[in-house]
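**Q** Task: produce atomic coordinates for the following.
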Amino acid sequence: MKFDFVTVNNPGRHPKKIILILFLAISALQTYTQDLIIPITGTYQKTPLKSFIADIESRYAVKFFYDEKSLDTLTVTSNFKQTPLQECLEQILDKRVIHYFISGNEIILYQGLMISELFPGGDISVYNAREIPSGKKISREDLDQIQYQIINIGTPGRNKSNTATLTGHLRNFESGEPVIGGNIYTSDKHAATNTDALGYYRINLPVGNHVLNFSSIGMEQVKRNINVYSDGMLDVDMLEKVDILEDAVIIGHGEGNVGQIHAGMERIDIITIKSIPTLLGEADIIKSVLTLPGVQTVGEGTSGFNVRGGDTDQNLILIDQAPVYYPSHFFGNFSAINSEIIEDATLYKGSIPVKYGGRISSVFEINTIEGNHEKISGSAGISPISLRLNIDGPLLSKKSTFIASFRSTYSNWILTKIKVPELYKSKAGFYDALVKLNLHLNDKNRLLISFYNSNDKFQLHSDTSYNYNNLIASLSLKHDFNPRLKSSSSLICSLFKYEISNRSSLDQSFSLTHNLNNIALIHDFDLFTSGKMKYGFGAAFNFFSINPGERNALNNSNITPVNSMNERAIEFGIYAGSEYNITGSLKLEGGIRISGLGSFDDGKKYIYAADLPYEMDNITDTIYNNRNRISKTYFRPEWRLSLNYSAGRNSSIKFSYNKTSQYIHMLSNTMAISPTDTWKLSDVYLLPETGNQISAGYFQNFLKNRVEASA
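**A** Take a look at the predicted model:
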């Protein structure tokens, strides 16, 4: 193959020519290597160099690129016997103005300045990203130099389409922890994506040269110059950003706010959480949500929040994909989740992804940190109300990690020191603990095991004590079938219970209890088929067993016991959706979720008098049934549609429509969430809730994305 080069003798005087040389040379590169192990045997006597090249190309799988005129007068006179091709070229071109560059099985011959001299340290910074060991630790200086390098992705000739899929892992350079919710986008913003809960990303790009940007709240922005041939991998390390915070501002989704397709999605990271004024030094992820638009508090000193007019029980709160039914400590003043172990959190209040179901107002997804891959580290702290201890680090190998966290209060001791009559006989205490293992089984499989427990117990100037508890255990397997298809399978158990008791009275001792058991099996798939299409599909099954409440007599008291049967039901959701990049400016995401509930019979059915309220006094008959029989079923289609039109580089117009269903409800005598609230399943008499939400907005970024505005 022949093409024209521009000869450059003084790079300072011909910058445009240098760029042309780099473009022509680098565009043909596949994999940079210092040795091309092809043994050459043959005798050449004043053979024209072009004839030598033709002979080599006909006998070996190599390809030369050169300017035909520059080789007209050059000949080869040598006797080669099993001589590596690189040594042959050294001999032939020695003391001549022709230089060479080897890239895989391709060789570039050119005149003038050597390409390697144009790069810092004389090292040509072009390589194939697949050759970078994912576990290799580089120096900070080398990390800074990568931004000046050109990275080849894939192999020339392997891609028969005009697009390729780039996958990789976004990590914190210091700790090796994944960067969750990081933004990845091209400089022209025609392609964009985000990292998942493990820091992995996938993005579809046209074949060719791109400048890929990586950003995340609290991290320094990173750029990579890439040349895409076919599917490939690129892992990227990011440095933490150190800022002096004077004012705390929560922003939605960083630079991806304009380009990302979901309207009403807000992302918060731990740096932002800690910058918000707190009560008694305790950072609170739940309270931080109240600073977001469309979110309101249900009252001072209470737990829960309202999103766009919804009730508190209409928000699905997830910690590492597991539902939490009471997310607060200490009368609702503190979050039940230790902020020190939170990586980030995302609130979906407009466009809810089709994979989520079960609530009609919002989804609040909280992700905990993965753990330090490099070394064992820890932190400890004490506030006026509590103390905390966290430790994390590598487990078995640097690819597997662990995290352990514990937090507790010493408020009982404080209450004994406060000489206020209203606080006599008062006690208040809580604790929470989390253990999480992230096990790297192999390059295609990761296993996550986590355990979480929180407990509160308080007694306020009386003999009656209140005790409530959250208990969560989860097992999740992440599997990559290939660069285009991945899956996530999770088994989750989430329990909540409370007890109100009085054990000091001789004849009036009692215990009131309520408990909720939720076992979930979730299976999700993500499929990337082309540069414009992404599919998601899967299923979720939830088994509920709820005891509505019982009263027990303690210490032979005169209290009459009241027992109740557990309510049981299976909630299911099967979904499929896709994201389609119609043009560079228009993106569409749509999907359908078929949800439903099967309510089990409680063993007996009451017949009520016609046209009268469902009350005990109006029961006319009782029918006894098999408790394992499904007495009532519900089916609800849930539609999701999101549209993003890029009106400019820094602006976009978004539209979304959600139809959602909810099959579990909270019974409360207050507007706020209380630990004594009772959960109730839909059944023959209580219908599911259905929500329809339409959202539209205009998004504009200013000052290089440092200021975001929306309406």
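**Q** How about residue 64: which residues does it bridge to?
**A** residue 107 (DSSP bridges).
**Q** What is the neighbour count of it?
**A** 19 (other C-beta atoms under 10 Å). No exception for glycine: its C-beta is placed from N, CA and C like everyone else's.
**Q** Quick one, grab the pLDDT at it.
**A** Looking at residue 64, its pLDDT reads 86.
**Q** now the one 4 residues further on
**A** According to the per-residue confidence, residue 68 scores 79 in pLDDT.
**Q** Could you do residue 441 as well?
**A** On the pLDDT scale, residue 441 gets 90.
**Q** And residue 659, by the same measure?
**A** At residue 659, pLDDT is 93.
**Q** residues near it, how many?
**A** Neighbours around residue 659, by other C-beta under 10 Å: 17.
**Q** quick one, what contacts it?
**A** 637, 638, 639, 640, 690, 691, 692, 693 (C-beta atoms under 8 Å, 6 or more residues apart in numbering).
**Q** For the fifth one, give the beta-bridge partners.
**A** For residue 690, the residues forming beta bridges with it (DSSP bridges) are residue 661.
**Q** can you pull the contacts of it?
**A** 360, 636, 659, 660, 661, 662.
**Q** that older thread, which among the contacts of residue 659 gets closest to residue 234?
**A** For the contacts of residue 659, the minimum distance to residue 234 (C-beta to C-beta) is 30.7 Å, reached by residue 640.
**Q** which residues in the stretch 101-250 of the chain form helices?
**A** For the stretch 101-250 of the chain, applying DSSP state H, counting those that start in this stretch gives helices covering 140-146.
**Q** Can you get me a residue count around residue 625?
**A** If we define neighbours as other C-beta under 10 Å, then residue 625 has 13 of them.
**Q** unless I'm mixing things up, it is touching residue 606, no?
**A** No - between residue 625 and residue 606 there is no contact under C-beta atoms under 8 Å: 11.6 Å.
**Q** mind saving the C-alpha coords of the longest strand along the chain as PDB?
**A** Secondary structure of the chain per DSSP state E: the longest strand is strand 533-553. Provided in PDB are the C-alpha atoms of strand 533-553 (Å, rounded to 0.1, in the frame of the first residue of the first chain):
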ATOM      1  CA  MET A 533     -29.500  -0.300  20.400                       C
ATOM      2  CA  LYS A 534     -29.400  -1.600  24.000                       C
ATOM      3  CA  TYR A 535     -31.900  -4.000  25.400                       C
ATOM      4  CA  GLY A 536     -32.800  -4.800  29.000                       C
ATOM      5  CA  PHE A 537     -35.000  -7.700  30.200                       C
ATOM      6  CA  GLY A 538     -35.600  -9.800  33.200                       C
ATOM      7  CA  ALA A 539     -37.900 -10.900  36.000                       C
ATOM      8  CA  ALA A 540     -38.400 -10.400  39.700                       C
ATOM      9  CA  PHE A 541     -40.400 -12.500  42.100                       C
ATOM     10  CA  ASN A 542     -41.200 -11.300  45.700                       C
ATOM     11  CA  PHE A 543     -42.700 -13.500  48.400                       C
ATOM     12  CA  PHE A 544     -44.300 -11.600  51.300                       C
ATOM     13  CA  SER A 545     -45.400 -12.900  54.600                       C
ATOM     14  CA  ILE A 546     -46.800 -10.200  56.900                       C
ATOM     15  CA  ASN A 547     -48.200 -10.600  60.400                       C
ATOM     16  CA  PRO A 548     -50.600  -7.600  60.800                       C
ATOM     17  CA  GLY A 549     -50.200  -7.600  64.500                       C
ATOM     18  CA  GLU A 550     -50.500  -9.700  67.700                       C
ATOM     19  CA  ARG A 551     -51.000  -8.900  71.300                       C
ATOM     20  CA  ASN A 552     -49.400 -11.200  73.900                       C
ATOM     21  CA  ALA A 553     -49.800 -11.300  77.600                       C
END
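**Q** next one: that strand to chain centre, how far?
**A** 23 Å (C-alpha atoms, centre = their mean, to the nearest Å).
**Q** Quick check: buried residues in it?
**A** 534-540, 542-549, 552-553 (16 or more other C-beta atoms under 10 Å).
**Q** Could you name the helices and strands sitting against it?
**A** strand 510-528, strand 567-581, strand 678-681 (3 or more C-beta pairs under 8 Å, 6 or more residues apart in numbering; DSSP states H and E).
**Q** show me the contacts for residue 549.
**A** 512, 513, 514, 562, 564, 678.
**Q** Could you tell me how far it is located from residue 337?
**A** Residue 549 sits 27 Å away from residue 337, going by C-beta to C-beta, to the nearest Å.
**Q** can you check residue 435 too?
**A** Applying C-beta to C-beta, the value for residue 435 to residue 337 is 14 Å.
**Q** Between those two, which has more neighbouring residues?
**A** Between residue 435 and residue 337, counting by other C-beta under 10 Å, residue 337 is the more crowded of the two (27 against 15).
**Q** Tell me if I'm right that the more buried one and residue 317 touch.
**A** No - using C-beta under 8 Å, residue 337 is not in contact with residue 317, being 9.1 Å away.
**Q** which neighbours do those two share?
**A** What both residue 337 and residue 317 touch, as defined by C-beta under 8 Å, 6+ apart, is the set 324, 327, 366.
**Q** related to what we said a few turns ago, out of the contacts of residue 549, give me the two with the largest separation.
**A** Longest span within the contacts of residue 549, C-beta to C-beta: 562 and 678, 13.7 Å.
**Q** between those two, which one's more packed in?
**A** residue 678 (17 against 11).
**Q** Relative to residue 681, how far out is the residue nearest to the more buried one when sequence neighbours are not counted?
**A** The shortest distance from residue 678 to any non-neighbouring residue, by C-beta to C-beta, 6 or more residues apart in numbering, is to residue 667 (4.5 Å). Going from residue 667 to residue 681 by C-beta to C-beta gives 11 Å.
**Q** Those two: which is more packed in?
**A** residue 681 (21 against 12).
**Q** Help me confirm that that one comes into contact with residue 662.
**A** No - using C-beta under 8 Å, residue 681 is not in contact with residue 662; the gap is 10.7 Å.
**Q** tell me the domain ranges of this protein?
**A** 15-122, 131-238, 256-710 (automatic domain parsing).
**Q** re the thing from before, okay, the contacts of residue 549 in a markdown table with distance to residue 40 next?
**A** Formatted as a markdown table, the contacts of residue 549 follow (distance: C-beta to C-beta, whole Å):
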| residue | distance to residue 40 |
| --- | --- |
| 512 | 89 |
| 513 | 85 |
| 514 | 83 |
| 562 | 94 |
| 564 | 88 |
| 678 | 84 |
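**Q** contacting residues around residue 178?
**A** 169, 170, 171, 172, 195, 198, 199, 200, 343, 370.
**Q** and stretch 284-302, which residues are buried?
**A** Those buried within stretch 284-302 under the rule 16+ other C-beta under 10 Å are 284, 285, 286, 287, 288, 289, 292, 294, 295, 297, 298, 302.
**Q** taking those one by one, which sit in helices?
**A** 285, 286, 287, 288, 289 (DSSP state H).
**Q** do you know how far the closest residue in space to the first one that isn't next to it in sequence is from residue 180?
**A** In space, and not counting its chain neighbours, residue 285 is closest to residue 335: 5.1 Å by C-beta to C-beta, 6+ apart. Distance check for residue 335 against residue 180: by C-beta to C-beta, it reads 18 Å.
**Q** can you check residue 468 too?
**A** For residue 468, the distance to residue 180 - C-beta to C-beta - is 29 Å.
**Q** Same question for residue 371.
**A** In this view, residue 371 and residue 180 are 13 Å apart by C-beta to C-beta.
**Q** so who does residue 323 touch?
**A** Residue 323 touches 316, 317, 358, 492, 494, 518, 520, counting by C-beta under 8 Å, 6+ apart.
**Q** Bridged to the closest residue to the third one other than its chain neighbours, which residues?
**A** In other words, residue 358. Of all residues not flanking residue 358 in the chain, residue 316 sits nearest, at 5.7 Å (C-beta to C-beta, 6+ apart). Residue 316 has these beta-bridge partners by DSSP bridges: residue 363.
**Q** Now for residue 316, how many residues are close by?
**A** 21.
**Q** Same check on residue 586?
**A** Residue 586, neighbours per other C-beta under 10 Å, totals 12.
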